[in-house]
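Asker: For reference, the sequence and a predicted model appear below.
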Amino acid sequence: MPEIMEIVKALEFERLAGTEGEKRAAEIITSYVDKMGLSCEYEPFPLYTFEPGTAKIVIQDTQIEGIPFGLNENFYAENRFIFLDNPNIVGIKKAEYRDKIVVGYGYSRKLANDLKESDVQAYIAIGTPEKPAVSLSHRQSTYSAGYIPTISISYEDGIKLKNLSGSKGKLIIEQKVKKSKASNIVVNMPGKGKDENLTLITAHYDTVAHSPGAIDNSGGVVAVLKAMEYFSTHKPSRDIRFIFFSGEEVGLLGSQNYLHKHKDELKKRAGMVINIDLSGDIIGVDTAFIHGSAELKGYFDGVTREQGLLFQCLSEIHSSDIIPFTQHEIPGVSLSRRKGKANHFIHTHKDDSTNVTEAGYKNTMQATINFARRVVNAEIYPYLPYIDESLKEKMEKYIWNLTGEEPILYWTPKYKR
């Protein structure tokens, strides 16, 4: 098995779901699995994807380059650009910004709905300071139902637009959307047959457009491969299923499709999901998002401390592939290393190997292997399916905003949209 940074550098290219980059990444991951004497299964699913394009704003003598949102097709407009200190006012004063190009700081799914309901012509999302323009995407359902043309620009270019607010200019977006297929990669590892409980160890391998994804999420891919390597020579007492999801960056599509396809088996057998998303910062905060109960939080914290690792354990939702499993009351832990320099550059072209180190991956990798080892080899499976009540309403709200549809739940709904 190659060293950590060798894997990261082998995957250092754009891996957008449903594109040739994703296929190339899948072949690389499969080659590592093959060398362990294990076999992969590809599980394809349909989606809309896009060929990453360009965006340009021209006002007077000023020209600003931006990044079009994913699934945003070609667009051209000549209009006045209106800067808003708080773009959420669009949802309050709906008629005032009809047919205008609105410029504002940040973006959210709620804002996207307000922009559409207000018939805004286009939206320019300003990013955070000292960071390139980020790559974001419209959701599949948004693309099908209709969207507001949107691009992202840097904070510094946002200042230029603020100073030109009210001026007339051009917005030009060039980008092609197409139907395609992406694939989850699944590796089954039979245990010694202690019981029927199945543990899933997961990470997504796709990236956003224009990003080589060293921290998001080669860090997760490395952790899963290294866990696979460990258990290939330390046969587990129970079955493990390793899954590399695609389509996470365009709305958790891979994990949603996988759960839908295997729902009956997973409801019967899945005891826990261990998910890894974001890792690699040499200095950062090791974090575990607990999708379960206080008992699960204490269990993870305790067995991790035994290894000399201290993770920040949060009973909070982690916006990653663990979400669909939680929705079906399958508990789990989602691991990440956050708040460092590499994290600052996620979803940009600077998410590359220059901002990560082998040491930055090791805590997440060690915690993954240790926690999984304890779970799959315990005399009695250490956890029963349960999601803490405090998470359920947050989960429902998240799914509404993710899909735009009422979530299918295995508990009495708490959130009223």
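Answerer: Good, I have the coordinates.

Asker: which residue ranges form the strands in this protein?
Answerer: All strands of the chain, identified by DSSP state E, fall at 41-59, 62-68, 75-84, 101-105, 122-126, 150-153, 168-189, 198-204, 240-245, 270-276, 285-291, 312-314, 332-338.

Asker: Could you export the ones you listed as TSV, including distance to Lys261, mean pLDDT and mean neighbour count?
Answerer: Bear in mind the C-beta positions are built from the backbone N, C-alpha and C, glycine included. Below are the strands of the chain laid out as TSV (distance: least, Cβ to Cβ, whole Å; pLDDT from 0 to 100; neighbours: other Cβ atoms under 10 Å):
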stretch	distance to Lys261	mean pLDDT	mean neighbour count
strand 41-59	7	97	18
strand 62-68	32	97	20
strand 75-84	35	97	16
strand 101-105	39	97	21
strand 122-126	34	98	25
strand 150-153	32	98	26
strand 168-189	9	98	18
strand 198-204	14	98	27
strand 240-245	12	98	24
strand 270-276	13	97	26
strand 285-291	21	97	22
strand 312-314	30	97	15
strand 332-338	18	97	27
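
Asker: Kindly present those strands as TSV, with separate columns for distance to Thr233.
Answerer: Compiled in TSV, the strands of the chain are given as follows (distance: least, Cβ to Cβ, whole Å):
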stretch	distance to Thr233
strand 41-59	22
strand 62-68	44
strand 75-84	54
strand 101-105	51
strand 122-126	48
strand 150-153	45
strand 168-189	11
strand 198-204	16
strand 240-245	13
strand 270-276	19
strand 285-291	26
strand 312-314	29
strand 332-338	22
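
Asker: Of all those, which one is nearest Ala17?
Answerer: strand 168-189 (4.1 Å; Cβ to Cβ).

Asker: Would you map the helices across this structure?
Answerer: For the chain, the helices defined by DSSP state H cover 4-10, 20-35, 109-117, 140-145, 155-163, 218-233, 253-269, 294-305, 323-327, 341-344, 358-377, 389-403.

Asker: Could you export the first one as PDB, CA atoms only?
Answerer: Right, the one you point to is helix 4-10. The C-alpha coordinates for helix 4-10 follow below in PDB (Å, rounded to 0.1, in the frame of the first residue of the first chain):
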ATOM      1  CA  ILE A   4      -0.400   8.700   2.500                       C
ATOM      2  CA  MET A   5       1.000  11.600   0.400                       C
ATOM      3  CA  GLU A   6       1.500   9.300  -2.600                       C
ATOM      4  CA  ILE A   7      -2.200   8.600  -2.600                       C
ATOM      5  CA  VAL A   8      -3.100  12.200  -2.100                       C
ATOM      6  CA  LYS A   9      -0.900  13.300  -5.000                       C
ATOM      7  CA  ALA A  10      -2.200  10.500  -7.300                       C
END
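
Asker: same for it, what does it pack against?
Answerer: For helix 4-10, the packing partners by 3 or more Cβ pairs under 8 Å, 6 or more residues apart in numbering; DSSP states H and E come out as helix 218-233, helix 358-377.

Asker: ok, back up a step: which one of the strands of the chain lies closest to Met365?
Answerer: Closest among those, using Cβ to Cβ: strand 270-276, at 8.2 Å.

Asker: so the closest one versus helix 218-233, what angle?
Answerer: For strand 270-276 against helix 218-233, the angle by axes from the mean of the first three to the mean of the last three Cα atoms, to 10 degrees is 130 degrees.

Asker: Relative to the whole chain's centre, how far out is strand 270-276?
Answerer: Centre-to-centre, strand 270-276 and its host chain are 16 Å apart (Cα atoms, centre = their mean, to the nearest Å).

Asker: partners of it in the sheet?
Answerer: The pairing partners recorded for strand 270-276 under DSSP bridges are strand 198-204 (parallel), strand 332-338 (parallel).
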